[in-house]
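Q: Coordinates for the following, if possible.
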Amino acid sequence: MAESPTARRRRLSIELKKLREGSSLTCAQVGEALDWSGSKVNRMETGSGRVQPSDIDALCRFYDTGDELREFLKSLARQAKMRGWWQVHGTGVPEWFNVYVGLEQDATTLRQYQCEVIPGLLQTESYASELHTAGAHMRAEDIARAVHVRMERQTMLGRPDAPDAWFIVSEGALRHVIGDRAVMRDQLDRVLRCAELPGVTLQVLPFDSGTYPVTGSFTMLGFPAPEDPDIVYRDGITDAVYLEGEHHVREYTRAFDGLRAAALSPQRSPRLIESILEEYSR
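A: Predicted coordinates for the structure are as follows:
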């Protein structure tokens with residue numbers, strides 16, 4: 001799988017931080033030695049600022065790295081400047097979500113819990129359009145762009161190298177009528193079809209599941225390279241939170257395992273979806 005610009009930028013940030021920490025220096029110390037600000041070094045290591053090839057040359061001379069590593073880092077910097085396919089849709093995809101889409105494209109594992117709506121990767125075009133329209137803050141053309149990106153993202157589930165995707169959806173999300181009953185019939189039918197894909201596991205958390213870890217919706221992404229730590233992603237109306245720390249990943253993994261244990265099995269979950277689908281068909 002070709003890595004996205006987002007993944008390249010993240011890998012570059014990780015490698016630059018490793019070099020500095022390996023030298024037992026602070027960002028301020030590196031910045032002072034190179035006549036930069038410490039904040040510039042920090043931005044390079046957090047992926048919040050562009051890194052130029054000349055910056056890589058300066059850092060590699062300072063850290064006394066070999067030519068091979070220097071060229072590898074410069075290659076990452078160049079590729080990080082490229083635009084992903086989803087970024088051509090402008091304001092239809094907010095900047096904070098651009099980051100997630102880029103990471104999602106390179107994930108090899110995806111674990112998602114949705115307590116209010118159907119997961120985006122399983123949504124129909126009509127369902128997604130209704131959700132975006134409800135926001136009432138987007139122009140019609142931006143809604144169309146956002147829905148198009150969502151539909152394009154879904155193709156990853158059918159790729160030969162599709163990620164191992166595990167979705168847990170609350171019963172409330174299945175019964176919450178978005179649009180009308182016709183929209184919901186099509187939507188639940190799509191959920192059932194997606195559940196049959198080789199790389200997809202789906203569980204439903206029923207109303208009578210008892211006590212389970214109390215948490216809002218979240219997604220965990222895992223990556224093929226051991227240098228790239230797992231990420232926990234949570235979004236809101238205007239921004240998103242990305243958690244990479246070992247403690248965060250461990251606790252969310254524990255919560256997801258608790259949700260899996262409380263939910264219906266992958267074999268029983270389709271039966272509940274089918275029963276709800278029958279209700280929408282009456």
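Q: Buried residues, the helix or strand hosting L19. List them.
A: With elements taken from DSSP states H and E, the one containing L19 is helix 5-22. Across helix 5-22, burial judged by 16 or more other Cβ atoms under 10 Å covers 5-17, 19-20. (Glycine included, C-beta is placed from N, CA and C.)
Q: do the same with stretch 238-253
A: Residues 242-243, 248-249, 252 are the ones in stretch 238-253 that count as buried (16+ other Cβ under 10 Å).
Q: try stretch 255-265
A: 255-256, 259-260, 262-264.
Q: next one: stretch 165-184
A: Neighbour counts over stretch 165-184 (16+ other Cβ under 10 Å) mark 165-171, 173-174, 178-179, 183-184 as buried.
Q: before we move on, the earlier item: for the buried residues of stretch 255-265, which one is nearest V149?
A: When the buried residues of stretch 255-265 are compared for distance to V149 (Cβ to Cβ), F256 wins out at 25.7 Å.
Q: ok, now which ones touch the nearest residue to the closest one once chain neighbours are set aside?
A: Closest residue to F256 apart from its sequence neighbours, by Cβ to Cβ, 6 or more residues apart in numbering: R111 at 5.3 Å. With contact set as Cβ atoms under 8 Å, 6 or more residues apart in numbering, R111 has these partners: 166, 219-220, 222, 253, 256.
Q: where along the chain do the helices fall?
A: Using DSSP state H, the helices of the chain run over 5-22, 27-33, 38-46, 53-63, 67-80, 95-106, 125-134, 140-153, 171-175, 181-194, 246-262, 269-281.
Q: how much space between T133 and E71?
A: Distance of T133 to E71, computed by Cβ to Cβ, to the nearest Å: 48 Å.
Q: Kindly report the same for H137.
A: H137 sits 45 Å away from E71, taking Cβ to Cβ as the criterion.
Q: which of the two has more neighbours?
A: Using other Cβ atoms under 10 Å, the more surrounded residue of H137 and E71 is E71, with 13 against 9.
Q: still on that earlier bit, by contact count, what packs against the helix holding L19?
A: Other elements packing on helix 5-22 under the criterion 3 or more Cβ pairs under 8 Å, 6 or more residues apart in numbering; DSSP states H and E are helix 38-46, helix 53-63, helix 67-80, helix 95-106.
Q: which residues sit in contact with I56?
A: I56 sits next to 70, 73-74, 77 when contact means Cβ under 8 Å, 6+ apart.
Q: again, only this time at 10 Å
A: Residues in contact with I56 (Cβ atoms under 10 Å, 6 or more residues apart in numbering) are 12, 15-16, 44, 65, 69-78.
Q: So for the residues you listed, which is the shakiest by pLDDT?
A: Least confident of the contacts of I56 in the model: R78, at 75.
Q: Might one say that that one is in contact with R50?
A: No - counting by Cβ atoms under 10 Å, R50 is not a contact partner of R78; they are 11.1 Å apart.
Q: which one of these two has more residues nearby?
A: Higher neighbour count among R78 and R50: R78, with 15 against 12, using other Cβ under 10 Å.
Q: measure the more buried one to R8 for me?
A: Taken as Cβ to Cβ, the span from R78 to R8 is 9 Å.
Q: Check D164 too.
A: From D164 over to R8 (counting by Cβ to Cβ), the distance is 22 Å.
Q: Over to R190?
A: For R190, the distance to R8 (Cβ to Cβ) stands at 33 Å.
Q: before we move on, what about E32?
A: To R8, E32 is 28 Å away according to Cβ to Cβ.
Q: what sits against H176?
A: 116-118, 170, 184.
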